[in-house]
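Participant: Provided below for reference: sequence and predicted model.
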Amino acid sequence: MIRLIFASTALKDWNAEELLGLLKTCRTNNSARDITGALIYLHRTFFQILEGDEQAVDETFEKIKKDTRHREVTQIERKPIAERDFPYWSMGFEKLDERDLNTFKDFPHFFDKEFTPAGIAAHQGIIGPLVNLLRVKLIKHVSVTKHEELPIDHEDSFIQFLHRTIRTGVKFLAMLMTFVILLSIVDVIYVIYEKLTTPPLLLMTTDEILDTFGAFLAVLIAIEIFLNITLYIRSDVIPVKLVVATALMAISRKVIVFDYKHLPYEYVGASALVVMALGITYWLIQKKE
């Protein structure tokens with residue numbers, strides 16, 4: 001997975017309606033390729049971030065470069081990433097106001113005179129702060145439009161007390177889940193040791209390999225459950241999407257280690273229906289965004 005940042009110059013000033021049309025197109029195309037990112041438009045300059053699979057991002061960028069509505073398409077940054085900074089936006093859009101611009105005191109007059117593809121490329125030090133500012137502003141919008149599962153600032157003091165109590169319980173569950181994850185890792189080590197030390201030494205049969213895979217997948221599923229637990233005390237996530245994605249990954253990983261020779265066809269068929277149902281649900285959530 002990579003993040004690619006580029007800037008370009010519009011051939012003319014874009015009005016709100018034209019920008020909205022551009023965003024709709026970007027979001028449709030990016031969603032289809034599992035690309036996320038964000039866009040700033042200022043002084044006829046586009047500053048855009050793309051995150052996703054390397055091939056998908058590169059192909060999208062090549063297509064963008066051929067768009068005749070802008071010129072001076074300049075790649076600012078391209079690097080591998082472990083996780084996305086903009087995971088919930090197929091193409092987030094943000095306007096920078098005077099207060100935002102004043103936070104960049106180390107770059108005086110940059111946004112007045114040098115917010116151009118060449119200027120941005122020449123001032124690499126501004127890239128990180130600009131990306132962070134954009135992410136923070138977008139998360140604030142999500143926090144406004146999405147509700148917290150257990151808000152602390154509830155208008156009813158008793159409900160507020162209950163929420164605080166439950167959030168404390170959630171933190172305790174998260175600690176217990178961390179302990180379970182560590183035990184699961186120890187179990188993986190033990191399973192591998194046991195399989196390799198059982199005659200014939202250092203050899204594993206197909207069934208033993210599947211058992212080992214199952215131990216690995218149990219750890220990964222435990223981590224996903226941990227994420228589900230902690231989402232109740234976070235305000236920067238979209239719970240429904242995360243829960244569905246977790247369920248989809250869990251069942252998909254289980255399918256990988258199915259022993260089809262011994263499983264009844266009803267079990268396999270039911271699992272297939274679950275995968276299909278979760279896949280369609282995730283697609284509908286993604287499409288709505």
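Facilitator: Structure received. Numbering: from 1, shown residues only.
Participant: What are the boundaries of the helices in this structure?
Facilitator: 16-32, 54-65, 98-101, 117-122, 127-145, 157-197, 206-230, 239-256, 265-288 (DSSP state H).
Participant: ok, Ser157 to Arg164 distance?
Facilitator: Here Ser157 is placed at a distance of 10 Å from Arg164 (Cβ to Cβ, to the nearest Å). (Glycine included, C-beta is placed from N, CA and C.)
Participant: neighbour count winner among these two?
Facilitator: Arg164 (13 against 8; other Cβ atoms under 10 Å).
Participant: give the contact list for the more buried one.
Facilitator: Taking Cβ atoms under 8 Å, 6 or more residues apart in numbering, we find Arg164 in contact with Ile152.
Participant: what separates stretch 15-33 from the chain centre, distance-wise?
Facilitator: Distance of stretch 15-33 from its chain centroid, counting by Cα atoms, centre = their mean, to the nearest Å, is 19 Å.
Participant: Just the CA atoms of it, as PDB, please.
Facilitator: Taking Å, rounded to 0.1, in the frame of the first residue of the first chain, the C-alpha atoms of stretch 15-33 are listed here in PDB:
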ATOM      1  CA  ASN A  15     -16.700  27.300  -9.000                       C
ATOM      2  CA  ALA A  16     -18.500  25.300  -6.200                       C
ATOM      3  CA  GLU A  17     -20.700  23.300  -8.700                       C
ATOM      4  CA  GLU A  18     -17.700  22.300 -10.800                       C
ATOM      5  CA  LEU A  19     -15.800  21.200  -7.700                       C
ATOM      6  CA  LEU A  20     -18.800  19.200  -6.500                       C
ATOM      7  CA  GLY A  21     -19.000  17.400  -9.800                       C
ATOM      8  CA  LEU A  22     -15.200  16.600  -9.600                       C
ATOM      9  CA  LEU A  23     -15.600  15.200  -6.100                       C
ATOM     10  CA  LYS A  24     -18.500  13.000  -7.100                       C
ATOM     11  CA  THR A  25     -16.500  11.500 -10.000                       C
ATOM     12  CA  CYS A  26     -13.400  11.000  -7.800                       C
ATOM     13  CA  ARG A  27     -15.400   9.300  -5.100                       C
ATOM     14  CA  THR A  28     -17.100   7.000  -7.500                       C
ATOM     15  CA  ASN A  29     -13.800   6.000  -9.300                       C
ATOM     16  CA  ASN A  30     -11.800   5.700  -6.000                       C
ATOM     17  CA  SER A  31     -14.400   3.600  -4.300                       C
ATOM     18  CA  ALA A  32     -14.400   1.100  -7.100                       C
ATOM     19  CA  ARG A  33     -10.600   0.700  -6.700                       C
END
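Participant: Can you list the low-confidence ranges for the chain?
Facilitator: Scanning the chain with the threshold set as pLDDT under 70 gives 94-110, 112, 140-150, 153-155, 231-239, 242, 257, 287-289.
Participant: biggest strand in it by residues?
Facilitator: If you go by DSSP state E, the chain has its longest strand at strand 70-80.
Participant: List the pairing partners of that one within its sheet, with orientation.
Facilitator: Sheet pairing here is set by DSSP bridges, and for strand 70-80 it gives strand 2-10 (antiparallel).
Participant: picking that back up, JSON lines please, covering the helices of the chain and showing distance to Gly92.
Facilitator: Shown next, in JSON lines, are the helices of the chain (distance: least, Cβ to Cβ, whole Å):
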{"stretch": "helix 16-32", "distance to Gly92": "9"}
{"stretch": "helix 54-65", "distance to Gly92": "16"}
{"stretch": "helix 98-101", "distance to Gly92": "15"}
{"stretch": "helix 117-122", "distance to Gly92": "18"}
{"stretch": "helix 127-145", "distance to Gly92": "5"}
{"stretch": "helix 157-197", "distance to Gly92": "28"}
{"stretch": "helix 206-230", "distance to Gly92": "22"}
{"stretch": "helix 239-256", "distance to Gly92": "15"}
{"stretch": "helix 265-288", "distance to Gly92": "14"}
